[in-house]
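Participant: quick check, what structure comes out for this input:
(chains A and B)
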Amino acid sequence: MSTVNRSIRNVFRNKARTIVVIIIIGISIGVFLSMTIVNGNISARTVQIAEGLDTMVIVRPAGSYGPGQFGGGMSGGPPGQGSNATQATIGVLNESIVPTIETVAHVKSVQRLAVQMSMPTMGATGGRPSMGLTQGLDPTGKIFLFSGGTVTLASGRNLDASDMSSAVAIIGGNYSSEKSVGLGGSVDINGTSVQVVGIFTSGNRFGNNAVVVPYETLKAAYSIEGPSSIYVEVDSIGYMDAVENQLKSALGEDFDVVAASEMNRSPIQSSIESISANSQLGSIVALITAVVVMIFVMVLVTRERIREIGVLKAVGFKNSKIISQFLIESVTLASIGFVVGIALTMLAGPYIASGLLGASASAPNIQGPGGFEGRSFSPVSNIDFTLSLDLVLYALALTIALGIIGSLYPIIRAIKLKPAEALRYDE
Amino acid sequence: MTNDGGTAATGRAGGAAPEHSISLKDVKKEYRVKGRKVPVKALTGATMAVEKGAMVAVKGESGSGKTTLLQMIGALDSATSGEVVVGGKDLRRMNEGQLTRHRAETIGFVFQSFNLIPNLTSLENVELPMEALDVPKGDRRKRAVELLESVGMKERMDYKPLKLSGGEQQRVAIARALANNPSIILADEPTGSLDSKTGMSIIQLLDKLRREKGTTVVIVTHSDRAAKLCDFTFNIRDGIITSKTNLALEEDSRLRKEKIRAGLAVSGKVTNQLFHAEFDTLAKIAEASIQELTEATGDDRTAKRVSKKAQFLLEREMDSQKELLAIDLNIEKGAVDKLFADGLHSVQSIKGAGAKRLAKILGDERLANEVAERAELQIAKESE
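Facilitator: Below you'll find the model as predicted:
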């Protein structure tokens, strides 16, 4: 029997203890991986939210709720950042203010935006239920998603100025696969059929379920009175303050005028930052737990087997061979825990993340169509829990290090005993 | 009894100077124990020498230092001072790696509590020392099977220690000790966890194996019975070797003394005087002159008494032997007398004499042939 063979068999000498340790390490690794994924996505999300909107000023009805990117909110709730109102209200803008906005110096483009939500539906592939989102946006400037993130075309073309009131749409990748709609296909928006001219990715699940149509198309389909917000692009970041002030002055107190960069310090952004901090803490705590458990178990194992170590030394085993045997045992134990942790992450990663980050993960309740409270707007629930190969390899390397660190100290301590001392250890 | 009082008493009498497998000179071992200012002195100047191929016992009370002595020989621990030479190597001059190699190649250990690895089979336990020396897998397995067969455990080679009795585990442990064909086996109370019958079988097994392989065996034991099977016994007390004895010879001598003392109805003192003068059998006493016996015992009357009594006992013994021979060979007393007169007192000597000599003694060829045949039959019967 070789050292490796014997070491692996030794792992299962105490089956009950081994199973418990594997479960604990598996949970620790599962939590570590889940938290790392969340943290990675949240960081990307933060970048996405900022991206493309740093020269944008948003005009909304006064008192629009919280993040205000929707332009609508619950009555009675707190007003959004920078709002002039004392209470949040649901409202739409009068399109007559558009010419006023256009006359302000350094305004590069003016885009009307409106959003329609629909009930969550199960995806075609049986995936998680996703909120239906249709966004109407004037295609006269950048094409962006109100929920944050850039629109990156995967196939087809983007909307442009020639599509002002055309019955066309670009759709998110998730929407395309779940609804089995490709380029050239059609999407029904409230009885109006629009043709898909492009498929995009946005970097987050929420955005990838969206349908973007020209504002006029959405307005006609839903008989909307007006946009929920107007996005004003400034020609240079240096003129942001000036444009903001001029708009406030020109439009008066009935409107909230907020720079998009200030929106990033909204409650959602605060929530995101909180989640990021908590997920980092969670992953560190999980890792420390795994290390502590490993050290504790290996101290126990070597202490139980000091006499056996004495026998091995007595029959002529070198210290290096004995150390290798115990290192292989602990790395094997940790590796099995790693496999359990991977399985746990794949099967239950989002639930782990939601469970552990629950309070900080919930975004403000937003009234969508039919009164549905948009929990799926939670930054955590929209995270894609795909395990990248890099992350798996990183976690594997950490696991092996865990196995080595966990056993090195106890075994080196035991190996220093003379054979005679080790043999009489229990006596 | 040979009292060596700490000097290096050596091997068997006669022949060239025997090669010493183990030599200890003034070995001391002290342990520092937590909470105690004064170190514990386990060995206080032990000196002993064991020749190659001998089987010796180390006997002493608990705490006398016998296990520590074994640990010094086996390089399981290092001496505080003194010389330890094992298999021609001075252990003081060896580093940790060399000592490990030395243990693997030269020493085989047998422990009181067997110390088999519990989750390995008998075969795998025996393979362990060979694995330490990187012996190829195929060779390891083959040798392990052979060793288990030699200790009578081949049928149990796939059993783990828990499924074996104490005696069986110790047999496996002995096989493991022999794995790398060591020149020295060190057994620390090998029968301590076994019943007396099983224990004796283990000692006999060790004796058999050392005779076959010429291995030196050192056994730490409390048991006199085990020690009697050894060539010599080193007695240890308070960390020092106090004497070296041969318990089997001593026992035999004691029994013979007792027989003569009881038979001649004399005191222990007179018996000792006779033995001292080498009159240690009835025949020698009966054949000795009164003058020789007087010189031995210092008393004329006692000399005459013991001489007469010895002759009487010898005669009675002879008569008894004659009667037994007549029954065994189914011959007349007259024929037995003739055989005895010619010095043939036993069936073995009669068989060895040959038909021709028997015919000459008995004066009857036919009778001589019959006697020779019957002697052979009797010998065969006795050896069944």
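
Participant: not counting residues beside it along the chain, what's closest to the residue in the stretch 201-350 of chain A that chain B sits nearest to?
Facilitator: As assessed by C-beta to the nearest C-beta, chain B sits closest to residue A:316 within the stretch 201-350 of chain A, at 2.4 Å. Where you see a C-beta, it was placed from the backbone N, CA and C, and this is true even at glycine. Spatial nearest neighbour of residue A:316, excluding adjacent residues (C-beta to C-beta, 6 or more residues apart in numbering or on different chains): residue B:104 at 2.4 Å.

Participant: same question for residue A:151.
Facilitator: Nearest residue to residue A:151 in three dimensions, chain neighbours excluded: residue A:200, at 4.6 Å (C-beta to C-beta, 6+ apart).

Participant: host element of the residue nearest to residue A:316?
Facilitator: Using DSSP states H and E, residue B:104 sits within helix B:96-106.

Participant: buried residues in that helix?
Facilitator: B:99, B:100, B:102, B:103, B:104, B:105, B:106 (16 or more other C-beta atoms under 10 Å in any protein chain shown).

Participant: need the contact list for the third one.
Facilitator: Contact partners of residue B:102, counting by C-beta atoms under 8 Å, 6 or more residues apart in numbering or on different chains, are B:75, B:86, B:87, B:89, B:91, B:94.

Participant: what's the PyMOL syntax to select whichever of the residues you listed are buried?
Facilitator: To isolate the buried subset of the contacts of residue B:102 in PyMOL, counting by 16+ other C-beta under 10 Å, use the following:
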select buried, chain B and resi 75+86+87+91
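
Participant: phi and psi next, for residue A:107.
Facilitator: phi -90, psi 120 (degrees, to the nearest 10).

Participant: hmm, residue A:233 and it touching each other?
Facilitator: Yes: judged on C-beta atoms under 8 Å, residue A:107 makes contact with residue A:233 at a distance of 7.3 Å.

Participant: what number of residues lie near residue B:43?
Facilitator: Residues near residue B:43, counting by other C-beta atoms under 10 Å in any protein chain shown, number 27.

Participant: where does it land in three-state SS?
Facilitator: strand (DSSP: H, G, I helix; E, B strand; the rest coil).

Participant: residue contacts, the closest residue to chain A within the stretch 1-150 of chain B?
Facilitator: Proximity of the stretch 1-150 of chain B to chain A (C-beta to the nearest C-beta) peaks at residue B:104, 2.4 Å away. Shown in contact with residue B:104 (C-beta under 8 Å, 6+ apart): A:315, A:316, A:317, B:129, B:132, B:133, B:180.

Participant: rerun at 6 Å
Facilitator: A:316, B:132, B:133 (C-beta atoms under 6 Å, 6 or more residues apart in numbering or on different chains).

Participant: quick check: phi and psi at the second one.
Facilitator: Which is residue B:132. According to degrees, to the nearest 10, residue B:132 has phi -60, psi -30.

Participant: the last one now?
Facilitator: The phi/psi pair for residue B:133 (degrees, to the nearest 10) reads phi -100, psi 10.

Participant: next SSE after the helix or strand of chain A with the lowest mean pLDDT?
Facilitator: Lowest mean confidence among the helices and strands of chain A (mean pLDDT, DSSP states H and E): helix A:260-263, at a mean of 68. As assigned by DSSP H and E, the chain's next helix or strand after helix A:260-263 is helix A:267-304.
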